[in-house]
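J.: structure for this input, please:
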Amino acid sequence: MNNQAKLRWGILGAARVNERLLPAILEAANAELIAIASRRPGAAAETLAKYAPCYPHIQAYDDLDALLANPDVQAVYLPMANHEHAEWALRAIAQRKHVLCEKPMALTVADIDAIETAARRYKVTVMEGFMYRFHPQHARVREILNSGLIGEIRSVRASFSFMMRPARMYRLANDVKQGGGAMWDIGCYAIHSLRMFFDKPPLAVTAMARYADSGADISTSGILDYGDGKFAQFDFSFERARRCEYEIVGTQGGLKCHVVWQLPGDVPVISWWTEDGRQGEERLPASNHFNLEIEHFSDCVLNNKEPRLSFEDARENCQIIVAALESAATGQVVKI
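T.: All right, here's what the predicted structure looks like:
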């Protein structure tokens, strides 16, 4: 076991998600934020002034490579634009930095393979940043399913949507091939959450989408075929009222997770029903999945553990996304 108490972190980018991740690093007992960098002059310093005003020792850079060259930085969080993730993950790994890469890890399976090869070569830990998976409510969902309450799982549905604000229009600036649109932003969560409840990859996908002039998808819906009459439905959009839920239906009942992307202080709610007329609702203690993600990754590095979210998990999610985008573009069922 590594006796070092805290993993020393740097952040590559002054993205909006720092509102959640930066405080999570500060608050984790096994993590220490020592640097942040942005290519926009002054943006790193502004981010620190906003989210960490009481931490004057944290260094701000206007150069990403300067942060990577800092030998005191052991791990980096990478919240850059989707199409930049693979490039900068590889650059960080080459500097022997451990990498928590904001989802999606990459836009192609080939790039994920390259990241894994580099990580093994340089003996560093890399994980895709699906923070929601660390919330305790999903473990409770699994306990209920394992109890047999709703029988054999036959279908799962995930819905993720919100009305796009003008300040977020940058999400539609690039086409889907460059990581723009709803699929790579929120659809990857929907597909990832569906996959929790089936023990094998899907056989095929069918999808439909509405696109912006840029080629970015604004709304996408589809179905994953798991064979034997088992299906997973996904639906996500930038032009619908806020939804963030998944629902599981089995042979004897169903279960719903009402808010998947919990904010700090939110009360998790899980409800269920059965064919024989029983129903219930559970309210769990509030929990911060960003903090839990940082603590998990730091523990993995410090104590030489495998992260909960593997390269194989990242590959399968990417493969399904690429197939769904192909289906939406061609109007055809795409085998996986």
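
J.: helices of the stretch 101-250 of the chain, start to end?
T.: Shown for the stretch 101-250 of the chain, the helices assigned by DSSP state H, counting those that start in this stretch span residues 109-122, 136-146, 182, 188-194.

J.: the residue of the chain positioned farthest from its centre: what secondary structure?
T.: Within the chain, the residue lying farthest from the chain centre (CA atoms, centre = their mean) is Asp276, at 36.6 Å. Secondary structure, DSSP: H, G, I helix; E, B strand; the rest coil: Asp276 is coil.

J.: do the one 10 residues further on as well
T.: For Ala286, the reduced secondary structure class is coil; criterion used: three-state DSSP.

J.: hang on, Glu282 packs against Val269?
T.: Yes: with contact defined as CB atoms under 8 Å, Glu282 reaches Val269; the gap is 7.2 Å. For glycine as for every other residue, the C-beta is placed from the backbone atoms N, C-alpha and C.

J.: contacting residues around Trp184?
T.: Listed by CB atoms under 8 Å, 6 or more residues apart in numbering, the contact set of Trp184 reads Asn82, Pro104, Leu107, Val176, Ile321.

J.: so what's His57 closest to, chain neighbours aside?
T.: Ile34 (7.4 Å; CB to CB, 6 or more residues apart in numbering).

J.: ugh, wrong one, I meant Ile93
T.: Nearest one to Ile93, counting by CB to CB, 6+ apart, is Ala118 at 4.5 Å.

J.: distance of Ala173 from Val322?
T.: Noted for Ala173: a distance of 20 Å to Val322, by CB to CB, to the nearest Å.

J.: try Val260
T.: Taking CB to CB, one finds Val260 at 23 Å from Val322.

J.: neighbour count winner among those two?
T.: Val260 (23 against 19; other CB atoms under 10 Å).

J.: for the more buried one, grab phi and psi.
T.: phi -80, psi -40 (degrees, to the nearest 10).

J.: my guess is it meets Tyr132, correct?
T.: Yes: if you go by CB under 8 Å, Val260 and Tyr132 touch, sitting 5.5 Å apart.

J.: give me the common contacts of the two.
T.: Common contacts of Val260 and Tyr132 (CB under 8 Å, 6+ apart): Tyr189, Ser193.

J.: which residue, other than its chain neighbours, is closest to Ala69?
T.: Spatial nearest neighbour of Ala69, excluding adjacent residues (CB to CB, 6+ apart): Gln95 at 6.9 Å.

J.: do the same with Asp225
T.: In space, Asp225 comes closest to Ala204 once its chain neighbours are excluded; the distance is 4.6 Å by CB to CB, 6+ apart.

J.: for the stretch 1-150 of the chain, give me the ranges with low pLDDT.
T.: Within the stretch 1-150 of the chain, the stretches with pLDDT under 70 are 1-4.

J.: take the contacts of Trp184 and write them to JSON lines, including distance to Asp225 and neighbour count.
T.: Output for the contacts of Trp184, formatted as JSON lines (distance: CB to CB, whole Å; neighbours: other CB atoms under 10 Å):
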{"residue": "Asn82", "distance to Asp225": "27", "neighbour count": "23"}
{"residue": "Pro104", "distance to Asp225": "22", "neighbour count": "27"}
{"residue": "Leu107", "distance to Asp225": "24", "neighbour count": "21"}
{"residue": "Val176", "distance to Asp225": "22", "neighbour count": "26"}
{"residue": "Ile321", "distance to Asp225": "16", "neighbour count": "22"}
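
J.: what's the closest of the residues you listed to Gly331?
T.: Distance to Gly331 across the contacts of Trp184 (CB to CB) is lowest for Val176, with 15.2 Å.

J.: if I read this right, that closest one contacts Glu326, doesn't it?
T.: No: here Val176 does not reach Glu326: they are 10.0 Å apart, not a contact under CB under 8 Å.

J.: quick one: secondary structure of the residue nearest to His57?
T.: Going by three-state DSSP, the state assigned to Ile34 is strand.

J.: need the residue closest to the centroid of this structure.
T.: Closest-to-mean residue, the chain, CA atoms, centre = their mean: Phe130 / 2.5 Å.

J.: residues touching that one, list them.
T.: Lys103, Tyr189, His192, Leu309.

J.: and what of Arg283?
T.: Arg283 neighbours (CB under 8 Å, 6+ apart): Val267, Pro268, Val269.
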